[in-house]
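Colleague: no sequence for this one, just the structure:
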């Protein structure tokens, strides 16, 4: 392999690790990014002549740090440096001593700090941890690069001025801080997962980035909820090709072609459930992963263990008692056979907390349709249609309204 | 770094809820912070009904009754603290007793640029 190819490969494999360490040492995102690029530029110049160093990652951190300190000295800003950055010596060639994986985890906790708003945290994570360009992030979010750039700049500024540290929270604080990290990952995932027509392809990238991050996080921090989230994302993503038909219309879970589910994703996900389930201490992602696993394992919709799923939704509601979880709980209850009771709950939700939530009206309509109350069902589908802003969803509602009116 | 922890609360809730802190508890917390070297200064404030607002416009002084802004939650006190970083400041802020009934805004202090 020629040196340039090796360097390109190294960039792909290790640039985020090197960056994370430089951010810790230099205490500054922008300075660290410049240093990273300077280090790779030096590698491109020196390695073809001098050969590839024994520990390239350590060489890159060391060179980047040196370039940054040089820059700061020239502009008399060396006071910004951490003592560690100044003392940090090139002789430190042992990769373990560099704590590189720790630095990536630190950076994840910094980017997903609860004092940053979730959208900004998502953009910053995609930029700094996943190495997506501002343009790629903007494409995925269907927004302008300037909007994303601004979001990232503001987040970085807040990290600096508010003094958000680069640290993994201690054991006693992890319980408070980890949910935010998982929330940001799931937000990125869902942004890609709930893509509507025409946008599907580019937005799958977000779901895939979130899964990659999830995998990284299980390596760095093997906590049950981390496994739960990764498992849940993989299982949801395994159904991506079956969720819409050739016309881009929505296909409900019960009607999906299960042979179109991605078996590789399912095979990766199922063994993770075991790590996510820790008895009564199981968290909300673990429970959702278990629900998704039951769907993945069922040979057909009719074959699904709805009693078990209903029980798991009750466990989920006990952990996160939100109106949306209550809606899902009621739908599971209906699938488990109790339509009457489910309708009472869903009807109440559509009149109270979930008046403006399209899926609640759609769920009410589905229940009424299954009970043969078609004109009421049509009314509910119309309400859902009025609240929907996704084209395929709107088509689905119109189709159902037609069916209900015909019969 | 220095942070100012601004204590905001509905004045009714500050003393009227089962979870409302007593003065003794607030004083004890300030004492703990002083002993650990985190407290720079901290005081509780009189009710906003005692507030007076001063403005100077074109050299003219305007004095009005009441607080700067009429909001549901009022400034009830402050802690100026010294903390290693935001995480430490947030740990200190969550221990401030009125956090249970109101909210604590944590703001980093800005160095004035004088040179």
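Modeller: Okay, I see it. Every value quoted in this text rests on a predicted model; they were computed, and no experiment measured them.
Colleague: C-alpha from now on. contacts and neighbour counts both.
Modeller: OK.
Colleague: Spell out for me which residue occupies the centre of chain B.
Modeller: The centre of chain B sits closest to residue B:78, judged by C-alpha atoms, centre = their mean, with a distance of 2.3 Å.
Colleague: Report the beta-bridge partners for it.
Modeller: residue B:6, residue B:43 (DSSP bridges).
Colleague: Get me the contact residues on chain B for chain A.
Modeller: For chain B, the contact set with chain A under C-alpha under 8 Å from any C-alpha of the partner chain comprises B:1, B:85, B:86, B:87, B:107, B:108.
Colleague: just to revisit the earlier point, how about the contacts made by the residue nearest to the centre of chain B?
Modeller: Shown in contact with residue B:78 (C-alpha atoms under 8 Å, 6 or more residues apart in numbering or on different chains): B:4, B:5, B:6, B:7, B:42, B:43, B:44.
Colleague: okay if I get these as a markdown table plus distance to residue B:25 and pLDDT?
Modeller: Listed next are the contacts of residue B:78 as a markdown table, based on distance: C-alpha to C-alpha, whole Å; pLDDT from 0 to 100:
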| residue | distance to residue B:25 | pLDDT |
| --- | --- | --- |
| B:4 | 20 | 98 |
| B:5 | 17 | 98 |
| B:6 | 17 | 98 |
| B:7 | 15 | 97 |
| B:42 | 14 | 96 |
| B:43 | 13 | 96 |
| B:44 | 12 | 96 |
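Colleague: any idea of the pLDDT on residue 83?
Modeller: With no chain named, the answer covers chain A. Looking at residue A:83, its pLDDT is 60.
Colleague: wait, chain B
Modeller: 97.
Colleague: ok, now the one 5 residues further on?
Modeller: Listed pLDDT for residue B:88 reads 96.
Colleague: in chain B, which segments are predicted with low confidence?
Modeller: Regions of chain B meeting the criterion pLDDT under 70 are absent.
Colleague: so where's the stretch 201-350 of chain A shaky on pLDDT?
Modeller: Those would be A:201-202, if you go by pLDDT under 70 across the stretch 201-350 of chain A.
Colleague: Tell me which stretches of it form helices.
Modeller: The residue ranges that make up the helices of the stretch 201-350 of chain A, judged by DSSP state H, counting those that start in this stretch, are A:224-238, A:263-276, A:284-297, A:306-319, A:323-335, A:339-351.
Colleague: could you dump those to a markdown table with distance to chain B?
Modeller: Below are the helices of the stretch 201-350 of chain A laid out as a markdown table (distance: least, C-alpha to the nearest C-alpha, whole Å):
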| stretch | distance to chain B |
| --- | --- |
| helix A:224-238 | 22 |
| helix A:263-276 | 28 |
| helix A:284-297 | 25 |
| helix A:306-319 | 22 |
| helix A:323-335 | 25 |
| helix A:339-351 | 29 |
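Colleague: highest average neighbour count across those helices?
Modeller: Burial of these is given as mean neighbour count (mean count of other C-alpha atoms under 10 Å in any protein chain shown); helix A:224-238 ranks first at a mean of 27.
Colleague: Can you list phi and psi of residue A:163 for me?
Modeller: Here is the backbone geometry of residue A:163 (degrees, to the nearest 10): phi 70, psi 40.
Colleague: and it, how many neighbours?
Modeller: 20 (other C-alpha atoms under 10 Å in any protein chain shown).
Colleague: Return the distance of it relative to residue A:250.
Modeller: Going from residue A:163 to residue A:250 by C-alpha to C-alpha, to the nearest Å gives 46 Å.
Colleague: what do you get for residue A:230?
Modeller: In terms of C-alpha to C-alpha, residue A:230 sits 24 Å off from residue A:250.
Colleague: do the same with residue A:343
Modeller: Separation of residue A:343 from residue A:250 (C-alpha to C-alpha) stands at 23 Å.
Colleague: just checking, next helix/strand downstream of the helix or strand harbouring residue A:19?
Modeller: Using DSSP states H and E, the element containing residue A:19 is helix A:3-26. Going down the chain from helix A:3-26, the next helix or strand is helix A:29-50, by DSSP H and E.
Colleague: Distance from that following helix to the middle of the chain?
Modeller: Taking the mean of its C-alpha atoms, helix A:29-50 sits 30 Å from the chain's own mean (C-alpha atoms, centre = their mean, to the nearest Å).
Colleague: What residues sit buried inside that helix?
Modeller: Going by neighbour count (16 or more other C-alpha atoms under 10 Å in any protein chain shown), the buried part of helix A:29-50 is A:29, A:31, A:32, A:33, A:35, A:36, A:37, A:38, A:39, A:40, A:43, A:44.
Colleague: Thought residue A:2 was touching the last one, still the case?
Modeller: No - with contact taken as C-alpha atoms under 8 Å, residue A:44 and residue A:2 are classed as non-touching, separated by 11.3 Å.
Colleague: Residues touching whichever strand or helix holds residue A:178, excluding its own?
Modeller: Using DSSP H and E, residue A:178 sits in helix A:171-193. If you take C-alpha under 8 Å, 6+ apart as the criterion, helix A:171-193 is touched by A:108-109, A:112-114, A:118-119, A:121-122, A:140-141, A:169, A:200, A:203-211, A:213-214, A:226, A:229, A:233, A:237, A:240.
Colleague: Tell me the helices and strands packed up against the helix or strand that contains residue A:150.
Modeller: In this structure, residue A:150 sits in helix A:145-162 according to DSSP H and E. For helix A:145-162, the packing partners by 3 or more C-alpha pairs under 8 Å, 6 or more residues apart in numbering or on different chains; DSSP states H and E come out as helix A:118-128, helix A:134-140, strand B:103-108.
Colleague: how far does that helix sit from the chain's center?
Modeller: With C-alpha atoms, centre = their mean, you get 20 Å for helix A:145-162.
Colleague: Flag every buried residue along that helix.
Modeller: A:145, A:148, A:149, A:151, A:152, A:153, A:155, A:156, A:159, A:162.
Colleague: and which of those residues is nearest to chain B?
Modeller: Minimum distance to chain B across the buried residues of helix A:145-162 is 5.5 Å, recorded for residue A:162 (C-alpha to the nearest C-alpha).
Colleague: how about that closest one, what does it touch?
Modeller: B:85, B:86, B:107, B:108.
Colleague: And the residue nearest to the centre of chain B, how close does it get to chain A?
Modeller: According to C-alpha to the nearest C-alpha, to the nearest Å, residue B:78 and chain A sit 18 Å apart.
Colleague: for the helix or strand where residue A:62 lies, what is the average pLDDT?
Modeller: Element membership for residue A:62, per DSSP H and E: helix A:56-74. Averaging pLDDT along helix A:56-74 gives 90.
Colleague: if I look at the residue nearest to residue A:131 when sequence neighbours are not counted, how far off is residue A:222?
Modeller: Excluding the flanking residues, the one nearest residue A:131 by C-alpha to C-alpha, 6 or more residues apart in numbering or on different chains is residue A:16, at 7.2 Å. According to C-alpha to C-alpha, residue A:16 and residue A:222 sit 20 Å apart.
Colleague: next one: residue A:299
Modeller: 31 Å.
Colleague: Next: residue A:109.
Modeller: 15 Å.
Colleague: hang on, the earlier thing: could you redo the buried residues of helix A:145-162 as CSV and give each row pLDDT?
Modeller: Listed next are the buried residues of helix A:145-162 as CSV, based on pLDDT from 0 to 100:
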residue, pLDDT
A:145, 94
A:148, 95
A:149, 96
A:151, 95
A:152, 96
A:153, 95
A:155, 96
A:156, 95
A:159, 95
A:162, 95
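Colleague: Need the max-distance pair from the residues you listed.
Modeller: By the measure C-alpha to C-alpha, A:145 and A:162 form the most distant pair in these, at 25.4 Å.
Colleague: Can you read off the pLDDT for residue A:371?
Modeller: 95.
Colleague: so how many other residues sit close to it?
Modeller: 13.
Colleague: contacting residues around it?
Modeller: residue A:339.
Colleague: How about residue 4: what's its closest non-neighbour residue?
Modeller: No chain specified, so I'll use chain A. residue A:44 (6.8 Å).
Colleague: Actually, chain B is the one I wanted.
Modeller: Here the residue nearest residue B:4, using C-alpha to C-alpha, 6+ apart, is residue B:80, at 4.5 Å.
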